[in-house]
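# model the structure of this input:
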Amino acid sequence: MTKISVYLVDDQALVRQGMRALLSLSGDIVCAGHCGSGDEFLQLVRQHKISTDIVLLDMRMPTLDGVDVLSALDNFNVNFKVIILTTFNDTTKLKQAMALGAKGCLLKDIELEELIAAVRQVHQGEIIVQEELAETMEKPDLTLDKLTTRERDILQLIAKGYSNKEIANTLYKAEGTIRNSVSCLLSKLQVRDRTQATLKAKELGFGE
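Here you go, the predicted structure:
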């Protein structure tokens with residue numbers, strides 16, 4: 001049986017340890033190593049210390065995210081293939097990652113069998129995007145001109161950490177009205193909560 005080596009890059013130690021243990025159950029996938037940041041990983045690449053078939057790369061990490069790492073890898077002659085792992089359905093970042101050469105995009109809560117299958121398929125030369133992510137990536141990117149003036153104002157205040165009550169006071173609106181507007185805004189942004197809305201706001205240029 002051909003062995004597939006996988007290197008893990010994730011800022012959460014428990015995630016790295018858990019994934020390493022789970023992948024070992026496959027029988028043909030072995031962990032070639034792991035590190036906790038994009039900076040550390042790139043330093044190891046520069047030192048020619050990364051020898052692996054596949055890199056499982058976390059999209060969101062401090063300092064350098066998955067897209068930053070992929071962009072930097074353009075400066076090196078590497079033979080491994082990269083699969084992005086994410087907890088967010090972040091269309092813009094995922095499209096950037098694929099454009100920069102990622103061979104797969106998977107949600108972190110993917111079932112073990114699906115993860116193992118994806119690693120094998122990418123190793124064989126296929127490009128894998130998990131169905132839930134593919135559906136979102138096929139939709140047009142949200143741009144500022146698709147938000148109403150009020151939605152832009154609310155998004156900017158959410159990015160600053162304002163509560164519904166504080167937003168209502170700032171915009172001179174009833175708190176119930178703002179609550180409904182925030183709910184509609186989250187739906188339009190295709191995010192689940194205010195934390196994800198804040199991340200989306202930064203992508204659109206707010207809160208910088």
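# could you report the neighbour count for Gln156?
Neighbours of Gln156 under the rule other C-beta atoms under 10 Å: 16. In this view, the C-beta of every residue, glycine as well, is placed from N, C-alpha and C.
# look up how far Lys165 lies from it.
Distance, Gln156 to Lys165, using C-beta to C-beta, to the nearest Å: 17 Å.
# show me the shaky parts of this protein.
Within the chain, the ranges that satisfy pLDDT under 70 run 136, 138-145, 206-208.
# which residue ranges form the helices in it?
Taking DSSP state H as the criterion, the chain contains helices spanning 13-23, 38-46, 66-73, 91-99, 112-123, 131-137, 149-159, 164-171, 175-189, 194-203.
# just the CA atoms of the fifth one, as CSV, please.
The reference is to helix 112-123. Coordinates of each C-alpha in helix 112-123 appear next as CSV, following Å, rounded to 0.1, in the frame of the first residue of the first chain:
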residue,chain,number,x,y,z
LEU,A,112,-13.2,11.5,9.0
GLU,A,113,-14.0,9.2,6.0
GLU,A,114,-14.5,12.3,3.8
LEU,A,115,-11.2,13.8,4.9
ILE,A,116,-9.3,10.6,4.3
ALA,A,117,-10.9,10.3,0.8
ALA,A,118,-10.1,13.9,0.0
VAL,A,119,-6.4,13.4,0.9
ARG,A,120,-6.2,10.3,-1.3
GLN,A,121,-7.9,12.1,-4.2
VAL,A,122,-5.7,15.1,-4.0
HIS,A,123,-2.7,12.9,-3.8
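# which residues does that helix contact?
4, 6, 22-23, 25-26, 28-29, 53-54, 56, 81, 83, 103-104, 106, 110, 128, 130 (C-beta atoms under 8 Å, 6 or more residues apart in numbering).
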